[in-house]
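Colleague: Sharing a model prediction with you, sequence too.
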Number of protein chains: 2
Amino acid sequence: RKDGKKPVPMKVCTSIIDGLKQLYFTKVRPLEEQFKFGHFFSPLLNESDFEAKPSVLLLGQYSTGKTTFIKYLLGRDYPGTHIGPEPTTDRFVVVFHGAEERRIPGNTLAVQPDKPYQGLSTFGTGFLSRFEGSQCPARLLEEISLVDTPGVLSGEKQRIERAYNFVEICEWFAARCDLIFLLFDPYKLDISDEFKSVINCLRGHDDKVRVILNKADQVDQQQLMRVYGALMWSLGKVFRSPEVCKVYVGSFNSEAPINEKVNPYGKPLFEAEQKQLLADLYEIPQRSTDRKINEFVKRVRAAKIHILLVGHLRKQMPSMFGKEKAQRKLLEDIISNFEAVQREYHLPRGDFPDPSRFRDILQGFDLLAFPKVTKSMIQGLENVLTVDIPNLVKQFDNPFP
Amino acid sequence: RKDGKKPVPMKVCTSIIDGLKQLYFTKVRPLEEQFKFGHFFSPLLNESDFEAKPSVLLLGQYSTGKTTFIKYLLGRDYPGTHIGPEPTTDRFVVVFHGAEERRIPGNTLAVQPDKPYQGLSTFGTGFLSRFEGSQCPARLLEEISLVDTPGVLSGEKQRIERAYNFVEICEWFAARCDLIFLLFDPYKLDISDEFKSVINCLRGHDDKVRVILNKADQVDQQQLMRVYGALMWSLGKVFRSPEVCKVYVGSFNSEAPINEKVNPYGKPLFEAEQKQLLADLYEIPQRSTDRKINEFVKRVRAAKIHILLVGHLRKQMPSMFGKEKAQRKLLEDIISNFEAVQREYHLPRGDFPDPSRFRDILQGFDLLAFPKVTKSMIQGLENVLTVDIPNLVKQFDNPFP
Ligand SMILES: Nc1ncnc2c1ncn2[C@@H]1O[C@H](COP(=O)(O)OP(=O)(O)OP(=O)(O)O)[C@@H](O)[C@H]1O
Ligand SMILES: Nc1ncnc2c1ncn2[C@@H]1O[C@H](COP(=O)(O)OP(=O)(O)OP(=O)(O)O)[C@@H](O)[C@H]1O
Ligand SMILES: [Mg+2]
Ligand SMILES: [Mg+2]
């Protein structure tokens, strides 16, 4: 770790997430419900949004070793594993923890309220029949879930025959996971058009992306440099950021030891890379917790401003006649109302929602149907931000919680 | 070499170039003069255009080892060598062969008719006082000249103080040289704005560019991968082509053997790379000859078409009255006259000059002042293309000339 601190143990992460959940359901969600916050921001959160384990998405051309890599991480096959030189994995498989070994069809998985996959229903059965859950009691899965994917294909035909939009699905998982491994191997370096679309849809999640140059022991030292250079050359063209994305070079296969015949100098490099990759992986729970806290804070701030805005507008409504006209007038003046709230509560402009979007949504509601905003409501949210969350997070910095 | 053939010996290259020169001065240039071809195409060639040795341009941030690399290639210092960790080379130095060791000031060099640097005069004394020739009897210089350059600087200040446009000068040399080495070292990887402009001006000469990641023995194996990856990442962004440009990784310094302490696995790699780099270098005479033949053929084709066009127009001029008006009329119809010549002689459209440019230049001449075009003139040029050049080039394919 860059700052030299040790990774935070999973237990702590879990207890922080539990704390956030507690706070949300007792102090935040009730207000969100009363003020229809879900319509203005993002839908109300439920249990599964907190309980979902951090997850890792694997992407790459077919046969680059994605499924083999998962086996390497788990120390075992997941139920339904297919490994082979031809395109093998023919569906999206989420691999998660469970005492029993079990395969769960996509349609079933997408309706389970305790799983974070309800959102996938919108892609229809075309996709859901190519979606599967695989449950098994591997140790790593207690902390992280993995998402295996079908290889990105270069053939137009196979792509057309798919009953779903591969890129959209990848985008959905990319937005929700905590780390994305892009696998390449020395013989599958080319970035096909489809793979390029996949990589393009990762933009905005650049910080999650790690590249793996797998099967690196199959070429000699000089070829490895060429292959690696060619890979970086193409990736540099595809990713816009000037920061180089992290690449791990090695061979991740529990069945086969590192081959020392072709490149007798590679082993120490590959071993060092493997170690760093695992360290990166073990940081995920903390990174995921950081991300969740961050999003939670953003949400509570937004909820507070939302309630202040609604309260400010509601206060100006007449109690008797001309309600509709008054509401219309208030919404026309939305900008000056925003400014008034901003000044009164000394809030940063950047924390406010988009005024015209806010107005458009509010048009569908009767301002007077919202409850009156009380000081204690706002104070409650303020406390979450300034007392409760900092208390929770303190455990991060305390090595002996 | 890709095709498995052995490089063509320098002697053969020299004799081919001598042959071209012979052809040019006896069969081509007399016609070019009569038909003012130099005004329409590029200036008439002179001895130095044929005699100039193939040359190699070195570019890179300061202190990446450009001057040290030249010393490594020559096995000696060139007169005026400066090597040091701070920006040392403060001028463009062309290093060429000569029996005596000598330094020649830029102003002198740019007026020597037997040297290919007259064109540099247009950059003025601001540049010429930062330009120098360095002559010495190193073996490699019998075949190749080298161009050492001041390091590309990242400081705005030093750049502003320059009395010439660095990028324009680089462009001038890039267009005229046969190979361009871009040097980097693990601690000078960043591509500054100026370096980017320099690299941008190499576009169109992509096939000449070779990258050297120098001082590669100063970092361990894993760092080397990172550094190399980061380099390729940035280069991929700067160069537009999907083909990866060739990179040599190593340490090119005759004073210091390859350091094996930091990276005990690097030596075999660096040695293999050094070998390939030298092989690449030794191919330059042939590549340069190829390029010269190619340009010569283009020139003769263009001269033939030029003469046919002038002849076709001249033929239509009245012998007595209304000459000016007739010439104006012919020039207005330039497109249909082009088409007529193209049809009559079955010439490819792409070989013709730009019609409006041709017309604009021809306006400055009196059509009747050109000599009459005879069959034997055209036949002479045709023979150069179909008999003389092929005969010359045959020596390339004949291993026992
Ligand atoms: N590190 C490795 N070294 C050598 N061979 C490997 C390595 N990883 C995987 N393989 C082999 O490559 C082939 C493809 O592996 P695998 O099925 O895991 O790839 P995949 O990326 O999951 O492919 P698909 O996209 O088709 O599901 C298999 O034959 C496997 O044994
Ligand atoms: N391969 C190498 N390994 C280690 N050190 C090197 C190597 N090549 C050059 N150096 C050292 O780096 C420093 C800069 O070298 P040099 O002067 O040749 O660079 P340069 O690119 O010509 O710089 P400038 O642009 O300032 O002329 C010197 O101290 C030199 O000894
Ligand atoms: Mg697979
Ligand atoms: Mg120098």
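Modeller: Yes, it's here. Ligands and ions are numbered 1, 2, ... in the order given.
Colleague: The residue of the stretch 51-200 of chain A found nearest ligand 1 and residue A:105, how far apart?
Modeller: Closest contact between the stretch 51-200 of chain A and ligand 1, by Cβ to the nearest ligand atom, is at residue A:151 (2.5 Å). Placement of C-beta: from N, CA and C, glycine included. For residue A:151, the distance to residue A:105 equals 22 Å [Cβ to Cβ, to the nearest Å].
Colleague: more crowded one of those two?
Modeller: Neighbours per residue (other Cβ atoms under 10 Å in any protein chain shown) separate residue A:151 from residue A:105, with residue A:151 holding more: 23 against 12.
Colleague: In the stretch 251-400 of chain A, mark out all the strands, start to finish.
Modeller: Here the stretch 251-400 of chain A has no strands by DSSP state E, counting those that start in this stretch.
Colleague: Contact residues of it facing chain B?
Modeller: A:265, A:266, A:268, A:269, A:272, A:273 (Cβ under 8 Å from any Cβ of the partner chain).
Colleague: Spit out the contact partners of the second one.
Modeller: By that I understand residue A:266. A:216, A:217, A:221, A:224, A:258, A:260, B:265 (Cβ atoms under 8 Å, 6 or more residues apart in numbering or on different chains).
Colleague: State the pLDDT value of the fourth one.
Modeller: Reading off the confidence values, residue A:224 has pLDDT 94.
Colleague: That one: how many residues sit nearby?
Modeller: The number of residues near residue A:224, taken as other Cβ under 10 Å, comes to 23.
Colleague: check contacts around the spatially closest residue to it that is not a sequence neighbour.
Modeller: Leaving aside its chain neighbours, residue A:224 sits nearest to residue A:216 (5.9 Å; criterion: Cβ to Cβ, 6 or more residues apart in numbering or on different chains). Contacts for residue A:216 (Cβ under 8 Å, 6+ apart) come out as A:186, A:224, A:227, A:228, A:249, A:250, A:251, A:266, A:270.
Colleague: buried stuff in the helix or strand encompassing the fourth one?
Modeller: Using DSSP states H and E, the element containing residue A:228 is helix A:221-238. Of the residues in helix A:221-238, those buried under the neighbour-count criterion (16 or more other Cβ atoms under 10 Å in any protein chain shown) are A:221-222, A:224-238.
Colleague: Show me what it is packed up against.
Modeller: Contacts defined by 3 or more Cβ pairs under 8 Å, 6 or more residues apart in numbering or on different chains; DSSP states H and E place helix A:221-238 against helix A:193-200, strand A:209-213, strand A:246-249, helix B:221-238, strand B:246-249, helix B:267-282.
Colleague: does any bit of that helix sit next to ligand 1?
Modeller: No: Helix A:221-238 is not in contact with ligand 1 by Cβ under 6 Å from any ligand atom; minimum separation 13.6 Å.
Colleague: any idea which of the residues of the stretch 251-400 of chain A next to chain B is the one closest to residue B:100?
Modeller: Residue B:100 lies nearest to residue A:265 out of those, by Cβ to Cβ, at 46.7 Å.
Colleague: Tell me how many other residues crowd the nearest residue to that closest one once chain neighbours are set aside.
Modeller: With Cβ to Cβ, 6+ apart as the criterion, residue A:265 has its nearest non-adjacent residue at 3.5 Å, and that residue is residue B:265. Residues lying near residue B:265 (other Cβ under 10 Å) number 18.
Colleague: so who does residue B:265 touch?
Modeller: Contacts of residue B:265 by Cβ under 8 Å, 6+ apart are A:221, A:265, A:266, A:268, A:269, B:221.
Colleague: And the last one, how far from residue A:273?
Modeller: Spatial separation of residue B:221 from residue A:273 under the definition Cβ to Cβ is 10 Å.
Colleague: Export the contacts of residue B:265 to JSON lines and append columns for distance to residue B:380 and pLDDT.
Modeller: Output for the contacts of residue B:265, formatted as JSON lines (distance: Cβ to Cβ, whole Å; pLDDT from 0 to 100):
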{"residue": "A:221", "distance to residue B:380": "57", "pLDDT": "92"}
{"residue": "A:265", "distance to residue B:380": "62", "pLDDT": "89"}
{"residue": "A:266", "distance to residue B:380": "63", "pLDDT": "92"}
{"residue": "A:268", "distance to residue B:380": "68", "pLDDT": "93"}
{"residue": "A:269", "distance to residue B:380": "64", "pLDDT": "94"}
{"residue": "B:221", "distance to residue B:380": "63", "pLDDT": "92"}
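Colleague: Now flag whichever of those residues is closest to residue A:176.
Modeller: Within the contacts of residue B:265, the smallest distance to residue A:176 is 33.1 Å, found for residue A:269 (Cβ to Cβ).
Colleague: Verify the contact between that closest one and residue B:225 for me.
Modeller: Yes: Residue A:269 is in contact with residue B:225 according to Cβ atoms under 8 Å; the separation is 7.0 Å.
Colleague: What's the end-to-end length of stretch A:88-98?
Modeller: End-to-end distance for stretch A:88-98: 24 Å, by Cα to Cα, to the nearest Å.
Colleague: if you count residues, which helix in chain A comes out on top?
Modeller: Under DSSP state H, the helix in chain A containing the largest number of residues is helix A:284-315.
Colleague: how far does that helix sit from the chain's center?
Modeller: 17 Å (Cα atoms, centre = their mean, to the nearest Å).
Colleague: Of the contacts of residue A:216, which fall within the contact range of ligand 4?
Modeller: For ligand 4, no contacts are drawn from these by Cβ under 5 Å from the ion.
Colleague: any chance of those residues in a markdown table, plus distance to residue B:19?
Modeller: Output for the contacts of residue A:216, formatted as a markdown table (distance: Cβ to Cβ, whole Å):
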| residue | distance to residue B:19 |
| --- | --- |
| A:186 | 46 |
| A:224 | 45 |
| A:227 | 43 |
| A:228 | 45 |
| A:249 | 51 |
| A:250 | 56 |
| A:251 | 55 |
| A:266 | 51 |
| A:270 | 55 |
